[in-house]
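K.L.:
Model the following, please.
(one chain, ligands or ions: 1)
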Amino acid sequence: MPASLHLAPAAEATHEAIILRALIENENGYVSGGELAKTLGVSRVAVWQQMEKLRAHGFEFKARRAHGYKITSYPSQLYAALVEAHLAPRKLKYRFTLHPTIDSTNEEAARQLSSGLTAPLIVAAHSQSQGRGRFGRQWHSADNGNLYISFAFRPQIDPARMHTFTLWMGINICELITNFTRQTPALKWPNDLYLDNRKAGGMLTEARIDSDQIRDLVFGLGLNLNASAHQLPSELTSRATTLAEHTRTPIDPNRFTAALIGRVFDAYQEFIKDSYRSTLADRWHPLDHLRGRTITLHQGEKQITGTAAGIDDEGSLLIRLPDGKLHRYRAGEVSLSPR
Ligand code: BTN
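P.N.:
Next comes the predicted model:
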């Protein structure tokens with residue numbers, strides 16, 4: 001017999017997401033088309049049409065007369081309603097848009113904030129034509145199974161508090177990746193994620209200040225999830241890696257993105273409350289890619305070489321200089337000397 005449905009559709013949930021949630025909750029059984037139709041207040045034909053639409057997007061189902069539908073396979077690409085379905089139990093409020101391609105998800109998130117939409121906003125894309133990194137560098141963003149996602153908030157906080165934002169998000173994202181994949185990336189101050197000395201991701205935080213307050217905040221993450229090495233440009237293959245290269249099995253982008261959204265939202269709440277600060281340096285420590293290594297910090301023309309010694313609770317990088325003194329640095333780009 002079909003498994004019973006326990007659907008409590010959230011006010012804003014789409015029909016697609018409600019159907020997918022029911023199928024996920026009953027993965028080992030069948031979900032009755034009739035019950036779905038009743039829950040959604042639509043005809044059985046309308047449910048069948050939704051199922052056909054899902055099939056066209058890479059979902060696979062078994063359909064049995066008098067039993068209903070059973071999901072057997074999920075798409076390998078991001079699919080907005082599936083992310084929504086995975087996130088449903090969290091009952092979060094957000095607006096999520098997924099684009100086949102866009103200039104930059106950070107740019108689109110900023111545009112959505114400027115247009116007055118209610119935050120939080122989430123923008124993801126299968127590919128970006130002008131993906132960007134720190135210092136205006138290009139972020140390679142082909143449609144190859146990697147993740148390009150931005151989160152937009154309106155925090156209304158003192159700009160001085162922003163120094164720790166990317167670091168705090170980085171810690172949370174590394175912890176999430178560890179839980180999800182059993183692979184622990186390292187963090188290269190201030191915004192890079194590394195696996196085995198190769199870059200697996202980068203974060204870009206952009207903010208707009210208004211009357212001494214951070215009004216618009218966009219946090220972007222580019223994470224090399226499922227691309228294989230040959231899908232990366234040749235100049236990156238020796239310096240970049242992907243999570244799937246380490247897990248040796250593809251990562252489900254929809255489950256991962258749902259978990260990421262939940263984690264970023266929780267981390268953002270803690271950031272706003274400022275409740276995390278006393279733990280920042282301690283939680284950074286085990287993830288620190290630089291600690292104990294000889295590094296050079298580039299600040300424009302200025303170069304500072306010494307031994308990396310962690311961060312302080314303001315998010316500054318600590319470097320022990322050759323004279324033995326410990327110095328703090330708020331900004332700059334780090335290069336590593338060979339081990
Ligand atoms: C860096 O390593 O310098 C940061 C890279 C950040 C890339 C992400 S991809 C999603 C979002 N959109 C962008 O244009 N950039 C960020």
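K.L.:
Do you know the pLDDT at the residue of the stretch 151-300 of the chain found nearest the ligand?
P.N.:
Relative to the ligand, the nearest point of the stretch 151-300 of the chain is Gly202 (2.1 Å; CB to the nearest ligand atom). Yep, even glycine has a C-beta here, placed from its N, CA and C like the rest. pLDDT, Gly202: 98.
K.L.:
Please apply the same query to Ser228.
P.N.:
Reported pLDDT at Ser228 in the predicted model: 82.
K.L.:
With the one 5 residues further on instead?
P.N.:
As summarised for this prediction, Pro233 has a pLDDT of 83.
K.L.:
quick one, helices of the chain?
P.N.:
15-25, 33-40, 44-56, 80-87, 105-114, 165-181, 234-237, 243-247, 253-273, 277-284 (DSSP state H).
K.L.:
dump the residue contacts of Phe271.
P.N.:
Applying CB atoms under 8 Å, 6 or more residues apart in numbering to Phe271 gives the contacts Pro155, Thr164, Phe165, Trp168.
K.L.:
any idea how far the second one lies from Glu270?
P.N.:
Same thing as Thr164. Remark: distance between Thr164 and Glu270 (CB to CB, to the nearest Å) = 11 Å.
K.L.:
now Met51
P.N.:
40 Å.
K.L.:
Then Trp48?
P.N.:
The value you get for Trp48 to Glu270, if CB to CB is used, is 44 Å.
K.L.:
what does Ser337 give?
P.N.:
On the measure of CB to CB, Ser337 and Glu270 end up 35 Å apart.
K.L.:
So between those two, which is more surrounded?
P.N.:
Using other CB atoms under 10 Å, the more surrounded residue of Ser337 and Glu270 is Glu270, with 14 against 9.
K.L.:
dump the residue contacts of the closest residue to the more buried one other than its chain neighbours.
P.N.:
Using CB to CB, 6 or more residues apart in numbering and skipping the chain neighbours, the partner closest in space to Glu270 is Tyr276 (4.6 Å). Contact analysis of Tyr276 by CB under 8 Å, 6+ apart lists Trp168, Ala267, Glu270.
K.L.:
what residues are up against the residue of the stretch 51-200 of the chain found nearest the ligand?
P.N.:
Closest to the ligand within the stretch 51-200 of the chain is Gly133: 2.5 Å, counting by CB to the nearest ligand atom. Contact analysis of Gly133 by CB under 8 Å, 6+ apart lists Trp139, Gly202, Leu204, Gly222.
K.L.:
can you check Arg330 too?
P.N.:
Counting by CB under 8 Å, 6+ apart, Arg330 touches His163, Glu314, Gly315, Ser316, Leu317.
K.L.:
The ligand contacts on the stretch 151-300 of the chain?
P.N.:
By the rule CB under 6 Å from any ligand atom, the part of the stretch 151-300 of the chain lying against the ligand is Asn191, Asp192, Gly202, Met203, Leu204, Gly220, Leu221, Gly222.
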